[in-house]
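Asks: One predicted model, sequence on top.
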Amino acid sequence: MEKATQTLAVVLVIGALLGAGGFYWYNTNYLQKTATTDAYNQGYSAGQTAGTQATVAAPNIKVEWAGGDTGVFTYTGYVDASGNVVAAGPTSAVDQEFSITNKGTTDLSNIVIALKSQSGLTGLDTDLEYKYTTFTLDTYTISGINLYKGGLYTTYTIASLPAGATAYFDLYFNLVNNSKGDYQVPLHTYDCDPGLNVYIGNSVPVTLEFTVDT
């Protein structure tokens, strides 16, 4: 009986050690792995949410019309009373100059310029969202960067903007069809609000409104 008791005690001690070891492995491996996985999933979920809704404050930048321009694209000479693009309209673009200034004390990277926010809010008047409407962007070194063409919104990214620096751009607009009657009669104004969107990552965009006159 005493031997059986001793044997049982040994079994219980071994079982306790195995249980403790198993708990230690579970705690140091599975739980930590789960915490890492959960952190990843939480980050991924946050990223997914941020992709549809801005969650970061707007960057410390100023976006404004420059060179005496006011954000009015005057295209009245190229649209007739039937809503057709006429004369040299399809090959003529009107432009407005704007600037982006880094108002902060640190350099900014990956500044996005778009006519559509990351939350999906489009910047153009819906009546301009035709496949014949074209908006392109020029920098000092690159021209013809599409922001809206063929019915599709695209973006342009500034790799870096030093603290206190200002970058200048020309935004061009034209209508590339000439006989579809898609556009409203002359002297119509299309209000593009919010217009241009400038943002970094998932930040709230800084916007710049403009109008198009036909």
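Replies: It's in. Numbers count the residues shown, from 1 in each chain.

Asks: can we go C-alpha only for contacts and neighbour counts from here?
Replies: Will do.

Asks: where exactly do the strands run in the chain?
Replies: For the chain, strands defined by DSSP state E occupy the ranges 61-65, 72-74, 94-102, 108-114, 133-138, 145-149, 152-153, 155-161, 166-175, 189-200, 206-213.

Asks: so which of the ones you listed comes closest to Tyr183?
Replies: For these, the distance to Tyr183 is smallest for strand 166-175, at 9.2 Å, taking Cα to Cα.

Asks: so where's this structure shaky on pLDDT?
Replies: Residue ranges of the chain with pLDDT under 70: 1-54.

Asks: In it, which residue is most central in space?
Replies: Of all residues in the chain, the one closest to the mean position by Cα atoms, centre = their mean is Gln118, 3.7 Å from it.

Asks: Out of the strands of the chain, which is closest to Thr122?
Replies: Taking Cα to Cα as the criterion, strand 189-200 is the member of the strands of the chain that comes nearest to Thr122, at 7.7 Å.

Asks: That closest one to strand 94-102, inter-axis angle?
Replies: If you take axes from the mean of the first three to the mean of the last three Cα atoms, to 10 degrees, strand 189-200 sits at 30 degrees to strand 94-102.

Asks: helices or strands next to strand 189-200 in the packing?
Replies: Packing partners of strand 189-200 (3 or more Cα pairs under 8 Å, 6 or more residues apart in numbering; DSSP states H and E): strand 108-114, strand 206-213.

Asks: can I get those strands in TSV with mean neighbour count and distance to Pro90?
Replies: TSV is the format used below for the helices and strands packed on strand 189-200 (neighbours: other Cα atoms under 10 Å; distance: least, Cα to Cα, whole Å):
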stretch	mean neighbour count	distance to Pro90
strand 108-114	19	23
strand 206-213	20	15
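
Asks: Please identify which of these is closest to Val85.
Replies: Comparison of the helices and strands packed on strand 189-200 against Val85 by Cα to Cα identifies strand 206-213 as nearest, at 12.9 Å.

Asks: So which other helices or strands are in contact with that closest one?
Replies: Counting contacts by 3+ Cα pairs under 8 Å, 6+ apart, strand 206-213 is packed against strand 61-65, strand 72-74, strand 189-200.

Asks: ok, now with 10 Å
Replies: Under the contact definition 3 or more Cα pairs under 10 Å, 6 or more residues apart in numbering; DSSP states H and E, strand 206-213 sits against strand 61-65, strand 72-74, strand 94-102, strand 108-114, strand 189-200.
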